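Visitor: Have a look at this prediction, sequence included:
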Amino acid sequence: MKRIIILTAIVMFIFQTNTMSGSRLIHPPIPKEAFDSEQVAIILLKKNLPHSDIVKLLQPNSDLKLRYIFTEVLQGFSVKGPKNQIEKLRGHHEIINISQVQTYKVEEQPAHWKRKSETSEAPPSQRYNPNGPENIKLIGGEKVRGIFDKNDNRLTGRGVTVGVIDTGVDYSHPDLSKNYGGGHDLVDNDKDPMETKAQQGTPTLHGTHVAGIIAANGKMKGVAPEAKIIAYRALGPGGSGTTEQVLAAIDQAAKDKVDIVNLSLGNSINGPDLPISLALNKLTDLGIVAVTSSGNSGPNKWTVGSPGTASKAISVGASTPNLKIPYIIIEGSREKIRLEPMVGADRWVQDRSQEIAYGGIGKKDQLTNVNGKIALIQRGELTFTEKAIHAQQAGAVGVIIFNNTEGSFVGNLQVDVGLPVASISKKAGDQIVRQLEKSPQHIRIIEETEQDVLAPFSSRGPVTRTWEIKPDILAPGVAIQSTVPGGYLSLQGTSMAAPHVAGACALIKQAHPEWSPLQIKAAIMNHALPIQSTSGVQYRTYEQGAGRIQMEEAVKAESLISPGSLQFGKFAIKDHNHEHLAKLKVENVSSKTVKYSFDIPKKINGMNWHLPMSFTLKPGEARQVQIQLEVDPTTFSEKIQDGFLYVNANSQKIHIPFIYVLEEPDYPRVMGFEIARGDNGETLRYQVYLPGGADEFGIALFNPEDYRFIGYLDSGRNIGKGYLEKEISLKAVPNSGVYVAKIFAKKAGKEDMVEMMLDIQKGEGSNFKRRKVGM
């Protein structure tokens, strides 16, 4: 008997196609962009050119408008104009690259938030809670207050300037006003970097929250409460901006000679060579520490996005501070399912047996059986708030929303619905639905204290092409209370983790003003704390980098080893006994002689290390050493190998994460494709991993009876490497019905694909029958 589920758009069956099945699905070339469509592009030059020479370069293409000239971190400029005229610039002897601007954004924030303008009293949800999670204490924030710099000042960030490239900063906030040192608005092109207000579009608060974690100095104390904040508004209404605006902000920060920049923003492109990543590498060369968030697309590997992929920047993932985490236990089972509470929801009540009932996707007519129960609702079509309101109106006592694609997610509510609301993974939700189909189920809520656990949403590496370990470091990023316009609010994300590290960098810079950005990065990574999952398994290096930051140990570092992680590149499986070399710089920054020795790693069949002999460095001395790794790739089944090297510096032990990748002879160009209903009634949401990027990518729809091409659900050219996540309008679907979908990627003349069936019904719900293609 075939199972029927009420849905509106769902994957029926997915499998890799063979040549025969793929050959029947013949699609035309993907649609070309109109040659005269208007675009904004970033033009990189071989060398800086004066304004007059750039104008002269553009003169043959009269419709191109010069916008920004980048002089500090990139050699180039941005232009706006018809695509065909931009393309004519290719091949010019002064131009080395042309790229279309990408969108950068912050994570979703509570949309109900509005700035308080008539009263100084913040609403209850925004009052400061001094007994909140001790995230700053956990990373050593209180201990470093007892350390003094060379001028006998306590470490507070005094004399250090931090640039916050974000949505702007509410510099009128009483906890930030004394630290505010001015700024620039790269969205409206003025010098007022205030957060977006309601009359300008969707209001923002993200940059103010980030700035508070770094340097709040009032009721709340940030990591570096006396650091100066320079605000750069590069993201406008709704927290969205472009490559051009972010590059302009980075360029301005370089001109302003800030000491540190924080970028809690990003996109889903896992690639090391996007313009912003290149700009941050150059910024580091100029002596400015660059701190970025790794992204909130976890828990899968390869999900780290730009600019968290920048090699020389410090990319930060999110871990938990000391928190009480709610779990549900289905009665009669020992399995615990972790809940991810939504921002703005009530707290869950513990140790009470409550019945749980399935409520479809949360439409009113699907919630007739949830009165007095916890409503289990699938993600999709309606917003989280709409689902919660419908459940509350139906008498539910709580709401659990499970994902409609693989993995976990975090969410926010737009209004206070007076209920506890949380999310769980698709796997957990499907499991509960199956049990409910057999019999009524009761669950119990428990809380467990959790600390130093990797947040499920935190993006993982490694970086494509360079195979580097990212993130570099972890910091608290769950339930982080900080400043927002009108008061205080708890948010979560790697956006909240990065400013902990930016603040720590300010303290290290105050203590050691002579240290370079790479030395500061080494101090943070060398002395981090590797962490484990709740089951006691240590996280992989490409998940946690060097571990969770420990500020006191970093400030007191007597030895620095850089780079802070090693990547030995890619080993071809067909070859035996490959030898790869890496170099480390070892520095004695203490006032005493230090003896260094490498621990011999645990013997693993197929892997041989050649490590330096013991050596001694006097104060101020440095030495470059060579690490050789010899690998027989045929002995390993897993394609990513990683771990830690340990260096003894007198009695101190320093750990260096390492990684190498085993090359697959014929790597699939399309992986992990999933599609589901979006979070409103008019969109579909899909995700796909393109490990090598794609010259052409498309989702082609075919008639299941005769395999006649119907149209493209989506398509694009020159797609970057990594995860692609996108919401597309249902208007792209020609008619309701069942389609065979071909998801393909072409690269260097070769096409890979997956094939599936989609039942897409425009309007109210649809019946979904699980079946293989062709049945």
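Guide: Cool, got the structure. Numbering: from 1, shown residues only.
Visitor: mind listing the helices for the stretch 501-650 of the chain?
Guide: For the stretch 501-650 of the chain, the helices defined by DSSP state H, counting those that start in this stretch occupy 517-526, 541-544, 551-555.
Visitor: right, so these: which one is the most enclosed?
Guide: helix 541-544 (a mean of 27; mean count of other CB atoms under 10 Å). In this view, the C-beta of every residue, glycine as well, is placed from N, C-alpha and C.
Visitor: Which residues does that helix contact?
Guide: With CB atoms under 8 Å, 6 or more residues apart in numbering as the test, helix 541-544 has contacts from 301, 317, 319, 454, 458, 460-462, 469-471, 474, 530-531, 565, 640, 642-644, 657-659.
Visitor: could you dump it to CSV, C-alpha only?
Guide: In CSV, the C-alpha atoms belonging to helix 541-544 read as follows (Å, rounded to 0.1, in the frame of the first residue of the first chain):
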residue,chain,number,x,y,z
THR,A,541,39.2,19.4,12.7
TYR,A,542,37.2,20.7,9.7
GLU,A,543,34.3,21.1,12.1
GLN,A,544,35.9,22.8,15.1
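Visitor: quick one: average pLDDT of it?
Guide: Helix 541-544 carries an average pLDDT of 97.
Visitor: re the thing from before, dump the helices of the stretch 501-650 of the chain into a markdown table; add distance to residue 425 as well.
Guide: Listed next are the helices of the stretch 501-650 of the chain as a markdown table, based on distance: least, CB to CB, whole Å:
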| stretch | distance to residue 425 |
| --- | --- |
| helix 517-526 | 31 |
| helix 541-544 | 17 |
| helix 551-555 | 33 |
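Visitor: Confirm residue 447 sits in a helix?
Guide: No - with DSSP: H, G, I helix; E, B strand; the rest coil as the criterion, residue 447 is strand rather than part of a helix.
Visitor: about what we covered before: out of the contacts of helix 541-544, name the ones that lie in strands.
Guide: 317, 319, 474, 640, 642-644, 657-659 (DSSP state E).
Visitor: Closest one of those residues to residue 614?
Guide: Residue 614 has its nearest neighbour among the ones in strands among the contacts of helix 541-544 in residue 644, at 19.0 Å by CB to CB.
Visitor: Who are the contact partners of the residue nearest to that closest one when sequence neighbours are not counted?
Guide: Spatial nearest neighbour of residue 644, chain neighbours left out: residue 655 (4.6 Å); criterion: CB to CB, 6 or more residues apart in numbering. The neighbours of residue 655, taking CB under 8 Å, 6+ apart as the test, are 526, 528, 530, 546-547, 644-647.
Visitor: could I get these as JSON lines with distance to residue 83?
Guide: Below are the contacts of residue 655 laid out as JSON lines (distance: CB to CB, whole Å):
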{"residue": "526", "distance to residue 83": "48"}
{"residue": "528", "distance to residue 83": "46"}
{"residue": "530", "distance to residue 83": "48"}
{"residue": "546", "distance to residue 83": "43"}
{"residue": "547", "distance to residue 83": "46"}
{"residue": "644", "distance to residue 83": "48"}
{"residue": "645", "distance to residue 83": "49"}
{"residue": "646", "distance to residue 83": "53"}
{"residue": "647", "distance to residue 83": "52"}
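Visitor: Is it possible to mark the buried ones in those residues?
Guide: Buried by 16 or more other CB atoms under 10 Å: 526, 528, 530, 546-547, 644-645, 647, out of those.
Visitor: JSON lines for these, including distance to residue 352?
Guide: Converted to JSON lines, these look like this (distance: CB to CB, whole Å):
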{"residue": "526", "distance to residue 352": "47"}
{"residue": "528", "distance to residue 352": "40"}
{"residue": "530", "distance to residue 352": "37"}
{"residue": "546", "distance to residue 352": "42"}
{"residue": "547", "distance to residue 352": "37"}
{"residue": "644", "distance to residue 352": "44"}
{"residue": "645", "distance to residue 352": "49"}
{"residue": "647", "distance to residue 352": "52"}
